[in-house]
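Colleague: When you get a sec, could you give me coordinates for this:
(chains A and B)
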2 protein chains.
Amino acid sequence: MTVPKITMKVLQAIRRNKKPLSKAELVQITGLSLVTITEHVETLIRSDLVMDFEVGHSTGGRKPRLLSFNAEAGYIIAVDLESTHVHVGILDLTCSIVVSRSSLIDVAHGPKAVLEQIKDLVLLLLDESGIDHSLIKGIGMGVPGPVEYSTGLPASLPIMPGWDRFPIQRFWDQYFDCPCYVDNNVYTMVLGEHMVESVSEIDNFIFLKVGNGIGAGTICNGKIYRGASEYAGNIGHNNIGHDLLCYCGNRGCLEALAGGRAISRKAELIAREGKSKLLHEILQRKGKITMDDVKLAVREADPVMVELIRECGFQIGSVLAGLVNFFNPSLVCIGGSVTETGDVLLASIRQAVYQKSLPLATRDLVIRSSYQGDKAGIIGAAVLTVDKIIDDSLIRTKEGIYSFSYK
Amino acid sequence: MTVPKITMKVLQAIRRNKKPLSKAELVQITGLSLVTITEHVETLIRSDLVMDFEVGHSTGGRKPRLLSFNAEAGYIIAVDLESTHVHVGILDLTCSIVVSRSSLIDVAHGPKAVLEQIKDLVLLLLDESGIDHSLIKGIGMGVPGPVEYSTGLPASLPIMPGWDRFPIQRFWDQYFDCPCYVDNNVYTMVLGEHMVESVSEIDNFIFLKVGNGIGAGTICNGKIYRGASEYAGNIGHNNIGHDLLCYCGNRGCLEALAGGRAISRKAELIAREGKSKLLHEILQRKGKITMDDVKLAVREADPVMVELIRECGFQIGSVLAGLVNFFNPSLVCIGGSVTETGDVLLASIRQAVYQKSLPLATRDLVIRSSYQGDKAGIIGAAVLTVDKIIDDSLIRTKEGIYSFSYK
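Modeller: Numbering: from 1, shown residues only, chains lettered A, B, ... in the order given. So this is what the prediction gives:
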């Protein structure tokens, strides 16, 4: 099991380097010996993941050769499913997006209808990009809730009727001859953010997703942290002491006050009571208020809605303040659909953290919006998939060749 | 840097095995090759940390040899300083306690006076045990607050005037010719608990210290977790929404309501107001109420004091519930002086966690009192010290021999 890690390290060094590089440079970057580098580079070349080519003139002797990552040795389908919308993308093996698209969706329609809708979107993207089905090497999918990671089966969640232990991987098997990995989308989001160059060196950070649900993905000592039974990060149900009933059956959950669903519901009430003229008009016209209307109202500086988002941000920040005391990260990234309301949310989250955390724990802490934005989930799903494919292939073919052929 | 880790792995396997064992058994336990085992065992024998001896009859050929850890190759002085008391122990290299003693102390008297008092206690223990000064190979000390681990300097804490960046190591240098390591005592406590055999296999757990301060030491993916700037675990200042002023200058801190100091203060008020007959009598007699009086009152089932501890436990459990959602540990151990009040505290902590955490996150969660009890801190300080000595010696002498000689 140490072999894949070193091969991965070499591959990552080649992947992350912006320009082609020599073995000597790899020695410098990785701290590994030339013999080790050579051995692992050969494995990677045989697997088609790394290309080598001659360059320039040599000063006598053999011509120097450079190595570069073959990003187009294959492509990944990445899906970031939220309860009311979905992001789908085709990414190359460096996890750069080739094409992507978003769509409204309702997870409550059940896995079959929802997955069919996503599949149609995927086929459309493949068509658009001209990428052949045979080049798809893996499918990564994030879902808005806990997943038994080893089996890819989602756990029971009241907001997702019918999804409990639904075999998502088997659905995709009907259409694509490649492995599929399913994960909680707070984990894929933190992996996506970790691909940002300035973030990749940060060992301890939290990605805070504020969507319909609120959750935290954590990188701990440089690695994704899943917890003892793969439920780490479910902070949406942390108790903040109010009296509203949450869908989980408890009262006082953060999500029941500050999650996207709770905000839309509250906004509809505000509209109905006529406290916001703008929302009242929208309600008259459309008959309901969605998160998009909330975003519009906040952008238009509707005072009641700005106040609502500010209060939500402060409550989220208060929970985060406790986590900062406990976990002492150096970075907290905020993402998810509610963050699209703008800077008010971030400002009030920061306010609460700086007020309620120990100054010692926030001295060097950066709290900012995700650089990857709404793409964090699909990028992370691709990262997860590429990593898993490489690991699994290595385990499967004992001669140390990444086969990249499934089954 | 991979060499020390493997040597440590071999050493730990020998240390943790209750009986002497053969190289073949080591191969089985560690999964390392016989060649690797032999190489590292030789290093360990040369350093006097491992003894090998012939046993029984061979079936022809060389007689079989067994390996055992030389626990008495040296001893460690371990100190667990709390704000109102101190535990001191002499431990062998397996971190078993040879002698130990506790004493009342007041950190507010400043580092010089306090360290002198601890030093006298150490000299007494050495005398008592008959262990020669030259056999002391290291000093480990836990203090009740953040420490800059790389330098061993404590951070500024209002409850510890004069300790800010005080060079504790330099104090011990005057009396012992060996390295000294200083750490936050929530970290030493979690390390101490990790030495319990059934706990050593647990990768993700929290040691919750409820003393005058409240803090959490965390083992994450099998290793102590210190955070981005070594302040992880300071949950005593998590906000629980009350209005009491904490010594940190903030209002609403957990510690200001449920820490030992807050409990004693509240108990004195209760005594003064005559709400507890027992405490009222003690106050009349002694003029003040300490944590020991609180323990007595709770043991005597004084209803007002039981209610107070129950309320404190519930508040501590409410903060813990949020951490359980976030971190999803498989074990939470409760230790520290306040836990000596008995089972009421533990019961109310559990009640809050099971009420306020997600059932998914608590399904396999065990919450219990520390098995190491008030010895967790000194055992952990010794663990830290033995590990560091071995690592540092290895780094110092490049030929791979643990010198165990300082300077």
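
Colleague: ends of stretch A:322-336, how far apart?
Modeller: 21 Å (C-alpha to C-alpha, to the nearest Å).

Colleague: So A:Gly260 sits against A:Val210, correct?
Modeller: Yes. The pair A:Gly260 / A:Val210 is scored as a contact, 7.4 Å apart, by C-beta atoms under 8 Å. Heads up, the C-betas are built off the backbone N, CA and C, glycines and all.

Colleague: where does chain A have low pLDDT?
Modeller: Applying pLDDT under 70 to chain A flags residues A:1-5, A:56-60, A:391-407.

Colleague: so where do the helices sit in the stretch 1-150 of chain A?
Modeller: With DSSP state H, counting those that start in this stretch, the ranges of helices along the stretch 1-150 of chain A come out as A:2-16, A:23-30, A:34-46, A:111-129.

Colleague: Figure out which of those is closest to B:Ala297.
Modeller: When the helices of the stretch 1-150 of chain A are compared by C-beta to C-beta, helix A:2-16 sits nearest B:Ala297, at 56.4 Å.

Colleague: just the CA coordinates of the closest one, formatted as CSV?
Modeller: Provided in CSV are the C-alpha atoms of helix A:2-16 (Å, rounded to 0.1, in the frame of the first residue of the first chain):
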residue,chain,number,x,y,z
THR,A,2,3.0,2.4,0.1
VAL,A,3,3.6,2.0,-3.6
PRO,A,4,0.4,3.7,-4.8
LYS,A,5,1.1,6.6,-2.5
ILE,A,6,4.6,7.2,-4.0
THR,A,7,3.3,6.7,-7.5
MET,A,8,0.5,9.1,-6.7
LYS,A,9,3.0,11.6,-5.2
VAL,A,10,5.0,11.5,-8.5
LEU,A,11,1.8,11.8,-10.6
GLN,A,12,0.5,14.7,-8.5
ALA,A,13,3.9,16.5,-8.8
ILE,A,14,3.7,16.1,-12.6
ARG,A,15,-0.1,17.0,-12.6
ARG,A,16,0.3,20.1,-10.5
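
Colleague: who touches that helix?
Modeller: Contacts of helix A:2-16 with the rest of the structure, by C-beta atoms under 8 Å, 6 or more residues apart in numbering or on different chains, involve A:21, A:26, A:29-30, A:32, A:36-37, A:40-41, A:43-44, A:49-50, A:67-69, A:93-94, A:197, A:200, A:387, A:390-391, A:394-395, A:400.

Colleague: What subset of those is buried?
Modeller: Among the contacts of helix A:2-16, the ones that count as buried by 16 or more other C-beta atoms under 10 Å in any protein chain shown are A:21, A:26, A:29-30, A:32, A:36-37, A:40-41, A:43-44, A:49-50, A:67, A:69, A:93, A:387, A:390-391, A:394, A:400.

Colleague: So which of A:Gly260 and A:Val210 has more stuff around it?
Modeller: It is A:Val210, of A:Gly260 and A:Val210, that has more neighbours when counted by other C-beta atoms under 10 Å in any protein chain shown, with 28 against 25.

Colleague: The stretch 51-200 of chain A against chain B: which residues are in contact?
Modeller: Residues of the stretch 51-200 of chain A lying near chain B by C-beta under 8 Å from any C-beta of the partner chain: A:Pro146, A:Ala155.

Colleague: which residue ranges form the strands in the stretch 51-200 of chain A?
Modeller: Ranges of strands within the stretch 51-200 of chain A are A:65-69, A:75-81, A:85-92, A:97-104, A:136-143, A:147-148, A:153-154, A:180-184, based on DSSP state E, counting those that start in this stretch.

Colleague: Could you break chain A into its assigned domains?
Modeller: According to automatic domain parsing, chain A comprises the domains A:2-69, A:73-191+A:375-396, A:201-371.

Colleague: Select, out of those domains, the one closest to B:Phe176.
Modeller: When these are compared by C-beta to C-beta, domain A:201-371 sits nearest B:Phe176, at 30.4 Å.

Colleague: Of all the residues in stretch A:221-241, which ones are buried?
Modeller: Under the neighbour-count criterion of 16+ other C-beta under 10 Å, stretch A:221-241 has A:224-240 buried.

Colleague: go on, stretch A:133-152?
Modeller: For stretch A:133-152, burial by neighbour count (16+ other C-beta under 10 Å) applies to A:136-147, A:149, A:152.

Colleague: Could you export the domains of chain A as JSON lines, including distance to B:Ile206?
Modeller: Below are those laid out as JSON lines (distance: least, C-beta to C-beta, whole Å):
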{"stretch": "domain A:2-69", "distance to B:Ile206": "28"}
{"stretch": "domain A:73-191+A:375-396", "distance to B:Ile206": "20"}
{"stretch": "domain A:201-371", "distance to B:Ile206": "9"}
